[in-house]
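*Asks:* Next input, structure requested:
(one chain, ligands or ions: 3)
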Amino acid sequence: MAPQLDSYFQQVDKLSESFIERLRKAVAIPSVSADDERRADVVKMSEFLVSELTALGAHVESRPLGLQPGKKNLHLPPVIVARYGSSSEKRTILLYGHYDVQPALKEDGWATEPFTLTVDNKGRMYGRGSTDDKGPVLGWLNAIQAHKEAGVELPVNLLMCFEGMEEYGSEGLDDFIEEEAKPGGFFEKADAVCISDNYWLGTEKPCLTYGLRGCNYYSVSISGPGQDLHSGIFGGCAQEPMTDLVRVLGKLVDTDGKIQIPGINEMVAPVTAEEKSLYGDINYTMENLYESLGSNTGIFPDKEKTLMARWRYPSLSVHGVEGAFSAPGAKTVIPAKVIGKFSIRTVPDMESDKVDSHVFKYVKDEFAKLGSKNTIDVRLIHAGNWWVASPKHWNYTAAGRAVEKVFGVKPDLTREGGSIPVTLTFEKATGKNVLLLPMGSSTDAAHSINEKLDRRNYIEGTKLLGAYLHYVAEEEMKA
Ligand SMILES: C[C@H](N)C(=O)N[C@@H](Cc1c[nH]cn1)C(=O)O
Ligand SMILES: [Zn+2]
Ligand SMILES: [Zn+2]
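*Replies:* Ligands and ions are numbered 1, 2, ... in the order given. Modelled structure (predicted):
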């Protein structure tokens, strides 16, 4: 295998500038799934993938998912499924990634245009979606191209599933995966699943990830007046939705991150001694945390507590308020209706429906205590499950060997605080092991301003994805 991998690696280096061009083209398409106005761009991004995959010789299908629930006449973007190779002699690996991105506006504080890939003199490639998840998705395409052009046969068959609604809770995808994993379906032949859509813990050492938190996302609407009001005329004589909302949101979580909703923390599985012992060896420091935070404002004093808070305890974050005055300046308005948005990251053994019931009851009770004449409506917007797998599987052993080959170190085994809603669905529907094999680093600022992917992570990451396909082909199926 060594000479083959070496030829592949050399080809990746030769093609590196064209791989960056491919990422530049993808970042230029503002495929923001949460913004209805951008839906045409999400579809355009799906078409870009179809055209790139077709040019590489893959069999590609663009599968419609129908209308988006709760929206009038708005179609979900298609799922792109593709097949590369179908030899009955080879193992088949199912790859998943997403081609939609989080919203981004220059005025949010970006130093560069968010949808223009901008590479600085340290090789940091800034742009929305660079690390989450366009770089990793294109990494798979790059790996196919470099194999072809190096004349190295791929030792596995590939199945691909690239979706356009991940940042909005993967609407519509669970049913699709369940259907396609059945006999005769597109994913039937998968022997293992690999997802590249999370991040290293630091900036130097790669990791393999075997757990994710889930995410239940809520809205709380408070309304009263028939329209926005002048605060000089009505301030003091009308009950204000914004005042009520701020008080309700302020009751959800304390300064140290402890969720205040009764019943939530009680559902969390206790930490075992074995689990506790795993944290000490993980290559992570408080400096790593401060570097990615861009400040020293972490809650906990040490790495164990910090990692546990991120991976194995729930958290509640307040994200924003729709309808509130948020522009610069000093508008003296009383908003008539405001919608607060918050989410809870869930962990074993929290049950999604029970989380919802506790949240609904608590929010309504806290609102009732205010004695306001305004009205409240609390809803779940979307939910995705937590997932924890066994890293003692040939899929993980193969990835570990690939990391050692490309980076010369043994990877850390980590869990992840973020969510990839369909991971558990893939595991259950296919009955196969799922591996998370990240490309980006802890400083990439996914979802934030100035999101980036380092050139090194993209190019060496492309080598890693390709090397993994070689090791996974030869790994003995012992688990
Ligand atoms: C980890 C992954 N790259 C990611 O960013 N996932 C999102 C998915 C999401 C959106 N709403 C709920 N889940 C995340 O963790 O926020
Ligand atoms: Zn994301
Ligand atoms: Zn992602």
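
*Asks:* Got the phi and psi for E171?
*Replies:* Note on E171: its backbone torsions stand at phi -50, psi 130 [degrees, to the nearest 10].

*Asks:* Before we go further, P301 is sitting in a helix, right?
*Replies:* No - per DSSP: H, G, I helix; E, B strand; the rest coil, P301 lies outside any helix segment and is coil.

*Asks:* That one - how many residues pack around it?
*Replies:* Per other CB atoms under 10 Å, the neighbour tally for P301 reads 9. No exception for glycine: its C-beta is placed from N, CA and C like everyone else's.

*Asks:* Check which helices and strands the helix or strand containing E17 is in contact with.
*Replies:* Counting by DSSP states H and E, the element that carries E17 is helix 2-27. Taking 3 or more CB pairs under 8 Å, 6 or more residues apart in numbering; DSSP states H and E as contact, the helices and strands that helix 2-27 lies on are helix 39-55, helix 135-150, helix 455-474.

*Asks:* 10 Å instead, please
*Replies:* The helices and strands touching helix 2-27, judged by 3 or more CB pairs under 10 Å, 6 or more residues apart in numbering; DSSP states H and E, are helix 39-55, strand 118-119, strand 124-126, helix 135-150, helix 394-407, strand 452-454, helix 455-474.

*Asks:* surely I376 meets K337?
*Replies:* No - distance between I376 and K337: 11.0 Å, which falls outside the contact criterion (CB atoms under 10 Å).

*Asks:* Find residues that contact each of these two.
*Replies:* S221, I222, S223, P241, L245 (CB atoms under 10 Å, 6 or more residues apart in numbering).

*Asks:* and the first one, what does it touch?
*Replies:* I take that to be S221. 241, 245, 322-323, 337-340, 375-379.

*Asks:* Equivalent analysis for the fourth one, please.
*Replies:* P241 makes contacts with 221-225, 321, 323-324, 334-340, 372, 374-376, as judged by CB under 10 Å, 6+ apart.

*Asks:* Got a PyMOL select line for the buried ones in these?
*Replies:* Selection command for PyMOL covering only the buried members of the contacts of P241, criterion 16 or more other CB atoms under 10 Å:
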select buried, resi 221+222+223+224+225+321+323+324+334+335+336+337+338+339+340+372+374+376
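
*Asks:* Confirm S292 sits in a helix?
*Replies:* Yes - residue state for S292 (three-state DSSP) corresponds to a helix.

*Asks:* What pLDDT is listed against it?
*Replies:* Among the per-residue scores, S292 holds a pLDDT of 90.

*Asks:* Which residue, other than its chain neighbours, is closest to it?
*Replies:* Ranked by CB to CB, 6 or more residues apart in numbering and with sequence neighbours excluded, the top spatial neighbour of S292 is S442, at 4.6 Å.

*Asks:* how near is the one you found to L307?
*Replies:* Counting by CB to CB, to the nearest Å, the separation of S442 from L307 is 12 Å.

*Asks:* Could you tell me which residues touch both of these two?
*Replies:* In the contact map built from CB under 10 Å, 6+ apart, the residues linked to both S442 and L307 are L201, Y284, L289.

*Asks:* dump the residue contacts of the closest residue in space to P136 that isn't next to it in sequence.
*Replies:* By the measure of CB to CB, 6+ apart, the closest residue to P136 outside its immediate chain neighbours is S196, 3.7 Å from it. S196 sits next to 95-97, 133, 135-137, 139-140, 435-440, 461, 464-465, 468 when contact means CB under 10 Å, 6+ apart.

*Asks:* One more pass at 8 Å, please.
*Replies:* Applying CB atoms under 8 Å, 6 or more residues apart in numbering to S196 gives the contacts 95, 97, 133, 136-137, 139-140, 436-439, 461, 465.

*Asks:* Next: L53.
*Replies:* With CB under 8 Å, 6+ apart, L53 has these contacts: V60, I80, A82, L141, M160.

*Asks:* which other residues reach whatever helix or strand the third one lives in?
*Replies:* Secondary-structure assignment from DSSP H and E places A82 in strand 79-84. Outside strand 79-84, the residues that touch it by CB under 8 Å, 6+ apart are 46, 49-50, 53, 56-63, 65, 99, 144, 154, 157-164, 173, 176, 180, 186.

*Asks:* quick one on the thing from earlier: surely the residue nearest to S292 touches T203?
*Replies:* Yes - under the criterion of CB atoms under 8 Å, S442 lies in contact with T203, with a separation of 6.1 Å.

*Asks:* how far away is S372 from D244?
*Replies:* For S372, the distance to D244 equals 5 Å [CB to CB].

*Asks:* Over to M439?
*Replies:* For M439, the distance to D244 under the criterion CB to CB works out to 44 Å.

*Asks:* same question, K305
*Replies:* Between K305 and D244 the computed distance is 34 Å (CB to CB).

*Asks:* which residues sit in contact with T332?
*Replies:* Here T332 is in contact with H230, S231, G232 (criterion: CB under 8 Å, 6+ apart).

*Asks:* More neighbours: S442 and T203, which one.
*Replies:* Set S442 next to T203 and count neighbours by other CB under 10 Å: S442 wins out with 20 against 17.

*Asks:* And what about the residue in the stretch 1-150 of the chain positioned nearest to ligand 1, helix, strand or coil?
*Replies:* Closest approach between the stretch 1-150 of the chain and ligand 1, counting by CB to the nearest ligand atom: D132, at 4.7 Å. Judged by three-state DSSP, the three-state class of D132 is helix.

*Asks:* thought it was touching Q102?
*Replies:* Yes - with contact defined as CB under 8 Å, D132 counts as touching Q102 (7.2 Å).

*Asks:* Can you check which residues contact both of the two?
*Replies:* Shared contacts of D132 and Q102, defined by CB under 8 Å, 6+ apart, comprise A446, H447, E451.

*Asks:* near ligand 1, which of these show up?
*Replies:* If you filter the shared contacts of D132 and Q102 for contact with ligand 1, counting by CB under 6 Å from any ligand atom, you are left with A446.
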